[in-house]
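**Q** Build me a model from this:
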Amino acid sequence: MRKFIVCVVSLLVVVVALFGQNDVVTFKKEVSSAFVWGQDSPGGAISSITQDPLTGDSIPTLSYAGIRVSSRMGFERVGRGQVGDFLGDSTTIVNNTSSIISVSYGGISVDGHAAPPLSVSPSENHLSKRDAEKRTTVVGLGTLHCFTTGFLSGENFFSANHSSERFAVDAGREVTISSVVRDPRNYGVRCSVAGCYPTGTIRYFLTVNSQDYVFVWPGRSIAYCGK
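**A** Numbers count the residues shown, from 1 in each chain. Have a look, this model is predicted:
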C-alpha cells in the first residue's frame, strides 16, 4: 500500500509539472504575440512619446514596419449623486505601408477587471429613460467632456453593439478610433491637493491586422477631462 501511495504521489507531481510547463509556454506565446509599450525587443515595435502641442500631454506611441499606433486616455465622473467614473480612449493608427490594414477592438482592463465598451449615442436625447438615469450600458456623447472639449476624438467608435467591427485604413492614411468604458470599481479615483486620478493600472489594446498593440496606463498618467 505504501509503495502504491508513493507511486500515485509521484505521478501527480509529474502531471502538475507538465501542466505548469504548458501554462508557462502558453503565457510566453501570448506575451510574444503582442507589442507592449515600454517593453521593446529586437525585431519588435519601438516605443516613444510625443507631446500634444496644445495641451502638453504625453502620447505614448508604438511603431512597427510602417505602422504607427498612438493612444491617449482620459477620465471623468459619471455624474452628481452617482458612483463611478468613465474612462475614454482615442487611438490613432497611421498606415505608412503600401497595403490596406485592418483595425479591430482588443479590450480594456482596470486592475485586472474587464471593462466592456459602452454603446455610444450621439446625444443624451437618444438615450432611453432608464439608460439616461443609470448610464450603465449607453452613454450620450454630448454629455462627455472628454469628447466635447476635443481632448478625445468623436470621429469613430468601438461600442458595445459594434465591438467586433473592423476599420480599414488605406495606405498612406490614418484613422482615429475611440471607446468608452465605465470603471468596474465603485471607488477607483483618489483625490488629494495635487488633484484626482484613477488608482491602479489600466491596460488597453487593439489589433492591427493580426498584431496586438498594448498600452499600459498607470492611473496617475491618465488625464482628467471632466469639470
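**Q** Beyond the helix or strand bottoming out on mean pLDDT in the chain, next helix or strand please.
**A** Across the helices and strands of the chain, mean pLDDT, DSSP states H and E gives its lowest value to helix 2-32, namely a mean of 40. Going down the chain from helix 2-32, the next helix or strand is strand 34-36, by DSSP states H and E.
**Q** any idea of the mean pLDDT for stretch 205-219?
**A** Across stretch 205-219, pLDDT averages out at 95.
**Q** what's the closest non-adjacent residue to the spatially most central residue of the chain?
**A** Geometric centre of the chain, nearest residue: Tyr204, 2.0 Å, by Cα atoms, centre = their mean. Once flanking residues are discounted, Tyr204 sits nearest to Ile108: 4.6 Å by Cβ to Cβ, 6 or more residues apart in numbering. Every residue, glycine included, has its C-beta placed from N, CA and C.
**Q** Walk me through the domains of this structure.
**A** Per automatic domain parsing, the structural domains of the chain span 1-32, 36-224.
**Q** Straight-line length of the last one, end to end?
**A** What that stands for is domain 36-224. Domain 36-224 has an end-to-end distance of 24 Å (Cα to Cα, to the nearest Å).
**Q** which residues touch Ser71?
**A** Ile59, Pro60, Thr61, Asp89, Ser90, Thr91, Thr92, Tyr204, Phe215 (Cβ atoms under 8 Å, 6 or more residues apart in numbering).
**Q** remind me which residues of this structure are low pLDDT?
**A** Filtered on pLDDT under 70, the chain yields the residue ranges 1-32, 79-83, 122-136, 162-163, 227.
**Q** Could you pull out the helices in it for me?
**A** 2-32, 129-134, 145-148 (DSSP state H).
**Q** Pull out the buried residues from the last one.
**A** Residues of helix 145-148 classed as buried under the neighbour-count rule (16 or more other Cβ atoms under 10 Å) are His145, Cys146, Phe147.
**Q** Tell me how far the residue nearest to the last one when sequence neighbours are not counted lies from Tyr197.
**A** Ranked by Cβ to Cβ, 6+ apart and with sequence neighbours excluded, the top spatial neighbour of Phe147 is Gly154, at 4.6 Å. Between Gly154 and Tyr197 the distance is 23 Å, computed by Cβ to Cβ, to the nearest Å.
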